[in-house]
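Student: Give me a 3D structure for the following:
(3 chains)
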Amino acid sequence: MADTTYAYAGRILRVDLTTGRIWSDPFPGADRRKWVGGAGLGAKILWEEVPPHADWDHPDNRLVMATGPLAGLPVWGTGGLTVVTRGAMTNGATNTQANGFFGANLKLCGYDAIVFQGQSPRWVYLHVTDERVELRDASFLLGKDSWETQQALEAELRLTGHRLSVYSIGPAGESLVRFAAIQGDYGHVASKNGCGAVMGKKRVKAVAIERGARGVAAAHPHALLAAAEEIAHNLKTDPSTKGLYMFGTLGGVRNLHGMGALPIRNYTTNVWPEGVDTKLWEAPNLREGFDHRGHQCSACGMHHCHMQVIRSGPYKGQVVDEPEYEGWAGAGWAIGATNPQEVAWLNTQLDRASLDVNEFGWLCGWVMECQQKGYLSEKDLGFRLEWGDVEGAGRLIGMICKREGMGNLLAEGVKRASEKVGGPAAECAIYTMNGTSPRGHDHRSRWEELLDTCTGSSGTKDTGPPTFPTEWGLPARISPQDPVPVARQVATLRGRKHFEDSLGACVFTTRVPMDILCRSVAAATGWDIGRDEAMRAGRRAAALLRAFNLRCGIGPELEKPSKRYASTPVDGPIAGVSILDHWETMLDTWYETAGYDRKTGRPTPETLRALELDDVIAPLWGAGARA
Amino acid sequence: MRVLKIIPERCTGCMRCELACSYEQTGTFQPSKAVIRVSSFEGHTSYAPYTCPQCAEAWCLTACPVEAIGISPAGAKEVADDICVGCKLCTIACPYGTVFYDPDSHKAFKCDLCGGKPACATVCPTQAILYVEAGTEDWLASFAAERALPAALAGAR
Amino acid sequence: MAAKRHVIVGGGTAGWNAITAIREIDKGASEITLVADEAPYARMVLPYYLGRQIGESHVTTAGPQRLAALKVAARLGRRAARADAAGSKLVLDNGDEVPYDDLLIATGSSPVRPPVPGAEGANVHSFWTLPQARAVSGGIKPGSRVAMIGAGFIAFTILNALVSRGARLTVLEIAPRILPRMVDDAAAQIVQGWLEARGVVVRPGVQVTAIEDKGGAKVVKLKDGPPVEADLVIMATGIRPNLGWLEGSGVEVKAGVVVDARMRSNVPNIYAAGDVAEGPDRVTGAKAVHAIEPTAVQHGRVAGANMAGREVAYPGSLLMNIVDVLDLEIASFGAWDDAGAEAAVDLRADRPAYRKLLFRGGRLVGAILLGRTREIWATNDVGMLKGLVYTGKDLSAWKARLRARPQDIRLAYLATGTARELLPQTLLGGPSVPERDVTVNA
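Tutor: Residues are numbered from 1 along each chain as shown, chains lettered A, B, ... in the order given. All right, here's what the predicted structure looks like:
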């Protein structure tokens, strides 16, 4: 069969920053079907091209910015960017997403992915058009936050709106803050595992992609438009996504608080503090107080991703991107901030500086708690930082980005900072032992996320919240603190997210039954792909990222929560319940279900063979193992 | 006559109209060839699509030296590809900026209301584009003045 | 009452549009006589005939059937020799007299050649009429060396066709820059570089002194440099309105026939339209000859409507041109060369892109737009610039912004309600009717 490029550009853009050489490689049909794009493609490149000695800051590390087959097509939320690299937090594999228009615009220029290697001798930005790609001097962008960077490039390139996509690092990435993120198109953040630090180490300030004049063809365009409508209809009407459709992730605050999963004041409590107007924190009300403006990703109809103008208070008139649930948590509850307008402001400062909001929440909350308890003095930090002090938190951002004073230590993230400070302060920090930063939840009441975060090989969770578990023979609902079903669910659904992350689509708009999602992929690509093939592709990426980590020396001994992360809640709905009593049982179940070896952490040869990863058997299990 | 009525306040800048429109125009999803185009105002906080108002004067139609532009049953000024030679007189005659030239086909192209079923209106997730019985109006002037002009003044300082 | 007798001299764009405007209004109630030396055809599309994108039949505007269907008595192959204004008669070159109630002068232009030895020799062509286009087309083979004398708009309209036919081109221009009456120095320089990078030899600032034969080839001698050898020479050295026959008619002629807003000359029942008419200029308000196709269309329609008894005032024409050469788009509007205007210029270093906006006070009076074809048509800017210059919208609030961010033309256009002002305007007082839908009563 001819190698048609339906749904793909069919080329991978390669940039060697050391030499300045730019070229493109084909993304052949067989590779496309096996690795799909995004996470899958990134995993393949990481495994094949990054040797164990190439730490996150080594020139041989790769920074893969990939999209996938659905990007640039009319399925909702398909501007997707997946970043795969060896990240600064874990020094292992990273799989982190942002949306916006990256994927759509990149494909319209003729590429499915950008792969950076080497290290530039000077600060550059990559300028991509449909006929030319250039590394250009970025000195005029240095010190600018990511929104200022985008504005400066809009002026430089004479383009406005979505005619130009800019994904950049802020000052955080420039100073190699370990939890620096890559932010793009005003508010879309690939935030995990310090991918912004990798970009900073490579001295790439930004990637600027003009909306190219090429087209993306679908194998069956009418079927694709129908599948897109089916996805949209499902998102609007299914009880599991209706709220997301209406309010994005805003509903999370109230819902998670109800189950004891809203992280309040660095996990010191699970109940709203007194005097908080809890009504304000319900989904529709969280949009009050703002002049609310749509700012959707490519082709998306979700009422998610907005720009807002703050109507009153100290930040009146400022433009912010509406926080995700993660922002309300990380820039809000985790640090005791309870005024939505102030939280929205702080959240945007983090996006602009391009820092991971989750890690910032744990870090700032830790500083606040340590000061309150006297583990850190006012002198250590230079000022007094009380719970809920948003202005002070903003000051902290500045110190971290400039690595000023204690900011230099905090820039290493809460795990390293707390270990350095030691003593009782070390026991207050929330992290996993492999250096991953948990999402903005109190996972002590969401065991599936805690297990997932610890066992994940992506610098974050691997599975995510359960999406239509009944498709895989699992119960529709389980108790979040029921160890064995929780572990089985996490391991069984593993792969779905990696598949979604390979499509160039959004984690929220792919939250539809797998058959429906596959129909859109089939119509786009012309493949006869069903849910089993899709899941296999996802698990293949997951297994390969794990193999990569194992090769880098990141093994199962690090799959543990920090003391505070797995502590026992003192109040709220699950007061007194501890996950640690069940930890080993959960790991046993997880490993067995995943088809991974409990002792070594390796995917078993059988698992690898089933995933068509025969080539990985010998490197993982030794030459004697039968491929 | 039914026209494309734009309600700019509803537009979120998702550009889905451009994708669908370009598919109607070219058979692939190629927004550079869309004839409805989304502008952004004051940075990324306001968007609105803009397309041919199917004006009464029909500047494009009268300008064409080979009578390649006619009026379709849906009331759209429509370019006949087999007659158009690509001389671009229509594109400079049109004072709305809504007649384009396709460097690949060497023809002019413009909004033809998709033969009476405009794809942009069908796919708009927020109903910012309606296909309704109405008089043609400048749907964007007030919105653009309110949103873009302050930004212009800011840029001028 | 006897039917009114309209006589149209010239079957080009202006004449033909006058005929269809008359018929759109009177549905055949009047008599129309068309006097023309050629059957009506569209000169604008000859370059595409040369490029073999269309056949000869595509060029024709109206054949005998169409003329008959519109009840037009055609005197083809005839030229007007003289207008007898006092006697309201037209005298033809064969001595025939054609009486009229009103007369439209739409005799267009003819190409001019510099008075140098050899200018009328073999294999030296103009490219203006259909027979000339046939001759050039027949003379070109892949690999032919073509010397193009003149680098104005007309020359540029056929560059693509010549290149696509495999010609090896040398462009000679007497002025210090190419496209001297369409763009400024900066733009001309970009265009020259673009052409040179694509194998076209471009030599501005050279004067042709003679065209000689050498073997089967032509040698173009230059005052200012080495001669150019070619298999074929094309003279694109300008055009001149065909006005000679009006001498002594009493019709006032300056650069063209001076007409009022109804396209009427100083003789009340004599109208003029197109290249021969000196009519109102939209930007300056003064009278000017705009020998461009869009003006010919509008002149013809306005003249025809007024001749048919509908009093229509012409809002004035706008000088504008657009042409692409090898995928570089070049357009200019209005007073693009107004030295007294305030200019906002944006010249890109990283790509062939240039724009210049000329302001008088808050009004945009002219513009130059240049860029790669694909990039230009990803914007709405061509038509929007036309709209802004045409309406003369007050852009005071936008001036500084446009200077800093010239890509914001679209925003300035939308925010100033330019479309709102334009939408109610129609040239003839109602919705335009496609020519093909114009019919006469049985």
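Student: quick one: contacts of stretch C:86-94?
Tutor: Contacts with stretch C:86-94, where a contact means CB atoms under 8 Å, 6 or more residues apart in numbering or on different chains, come from C:7, C:9, C:35, C:75, C:78-84, C:97-101, C:103, C:250, C:269. For the C-beta atoms, the positions are set from N, CA and C on the backbone; glycine is no exception.
Student: Quick one: buried ones out of these?
Tutor: C:7, C:9, C:35, C:75, C:78-80, C:82-84, C:98, C:100, C:103 (16 or more other CB atoms under 10 Å in any protein chain shown).
Student: would TSV of those with secondary structure be doable?
Tutor: Conversion of those to TSV gives the following (DSSP: H, G, I helix; E, B strand; the rest coil):
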residue	secondary structure
C:7	strand
C:9	strand
C:35	strand
C:75	strand
C:78	coil
C:79	coil
C:80	strand
C:82	strand
C:83	strand
C:84	strand
C:98	strand
C:100	coil
C:103	strand
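Student: For these, please prepare JSON lines with the additional fields distance to chain A.
Tutor: What follows is these, written out as JSON lines (distance: CB to the nearest CB, whole Å):
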{"residue": "C:7", "distance to chain A": "50"}
{"residue": "C:9", "distance to chain A": "47"}
{"residue": "C:35", "distance to chain A": "48"}
{"residue": "C:75", "distance to chain A": "50"}
{"residue": "C:78", "distance to chain A": "50"}
{"residue": "C:79", "distance to chain A": "49"}
{"residue": "C:80", "distance to chain A": "50"}
{"residue": "C:82", "distance to chain A": "56"}
{"residue": "C:83", "distance to chain A": "53"}
{"residue": "C:84", "distance to chain A": "59"}
{"residue": "C:98", "distance to chain A": "54"}
{"residue": "C:100", "distance to chain A": "53"}
{"residue": "C:103", "distance to chain A": "50"}
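Student: of all the residues you listed, which comes closest to residue A:173?
Tutor: Closest approach between those and residue A:173, by CB to CB: residue C:9, at 73.7 Å.
Student: looking at it, the closest one is touching residue C:108, isn't it?
Tutor: No - counting by CB atoms under 8 Å, residue C:9 sits too far from residue C:108 to count as a contact (9.7 Å).
Student: so who does the residue lying closest to residue A:595 once chain neighbours are set aside touch?
Tutor: Computed as CB to CB, 6 or more residues apart in numbering or on different chains, the closest residue to residue A:595 that is not its neighbour in sequence is residue A:607, at 3.6 Å. By CB under 8 Å, 6+ apart, the contact set of residue A:607 is A:543, A:594, A:595, A:596.
Student: next one: residue C:438
Tutor: Taking CB under 8 Å, 6+ apart, one finds C:20, C:23, C:24, C:70 in contact with residue C:438.
Student: Can you pull out the low-pLDDT segments for chain B?
Tutor: Applying pLDDT under 70 to chain B flags the ranges B:151-157.
Student: What segments of chain B are strands?
Tutor: Taking DSSP state E, the strands of chain B run over residues B:2-6, B:37-41, B:46-50, B:69-71, B:77-79, B:99-102, B:107-110, B:129-133.
Student: As JSON lines, those strands with mean neighbour count and distance to residue A:439 would be great.
Tutor: JSON lines is the format used below for the strands of chain B (neighbours: other CB atoms under 10 Å in any protein chain shown; distance: least, CB to CB, whole Å):
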{"stretch": "strand B:2-6", "mean neighbour count": "21", "distance to residue A:439": "39"}
{"stretch": "strand B:37-41", "mean neighbour count": "25", "distance to residue A:439": "31"}
{"stretch": "strand B:46-50", "mean neighbour count": "25", "distance to residue A:439": "30"}
{"stretch": "strand B:69-71", "mean neighbour count": "20", "distance to residue A:439": "57"}
{"stretch": "strand B:77-79", "mean neighbour count": "24", "distance to residue A:439": "53"}
{"stretch": "strand B:99-102", "mean neighbour count": "26", "distance to residue A:439": "46"}
{"stretch": "strand B:107-110", "mean neighbour count": "22", "distance to residue A:439": "47"}
{"stretch": "strand B:129-133", "mean neighbour count": "16", "distance to residue A:439": "37"}
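Student: Using CSV, list the CA coordinates for the strand or helix carrying residue A:134.
Tutor: If you go by DSSP states H and E, residue A:134 is part of strand A:133-137. The C-alpha trace of strand A:133-137 is given here as CSV (Å, rounded to 0.1, in the frame of the first residue of the first chain):
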residue,chain,number,x,y,z
VAL,A,133,13.1,26.9,9.5
GLU,A,134,15.7,29.0,11.2
LEU,A,135,17.5,29.4,14.5
ARG,A,136,17.5,33.1,15.2
ASP,A,137,19.1,35.2,17.8
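Student: The closest residue to chain B within the stretch 51-200 of chain A: what's it in contact with?
Tutor: Relative to chain B, the nearest point of the stretch 51-200 of chain A is residue A:161 (2.9 Å; CB to the nearest CB). Taking CB under 8 Å, 6+ apart as the contact definition, residue A:161 lies against B:13, B:38, B:39, B:40, B:44, B:47.
Student: bridging residues for the third one?
Tutor: Beta bridges link residue B:39 to residue B:48 when assigned by DSSP bridges.
Student: thought it was touching residue C:408?
Tutor: No - distance between residue B:39 and residue C:408: 9.5 Å, which falls outside the contact criterion (CB under 8 Å).
Student: joint contacts of the two?
Tutor: residue A:160.
Student: For chain B, just list every one of the helices.
Tutor: For chain B, the helices defined by DSSP state H occupy B:16-26, B:59-63, B:89-93, B:119-123, B:141-156.
Student: mind giving me TSV with these and columns for mean neighbour count?
Tutor: Formatted as TSV, the helices of chain B follow (neighbours: other CB atoms under 10 Å in any protein chain shown):
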stretch	mean neighbour count
helix B:16-26	25
helix B:59-63	26
helix B:89-93	26
helix B:119-123	22
helix B:141-156	18
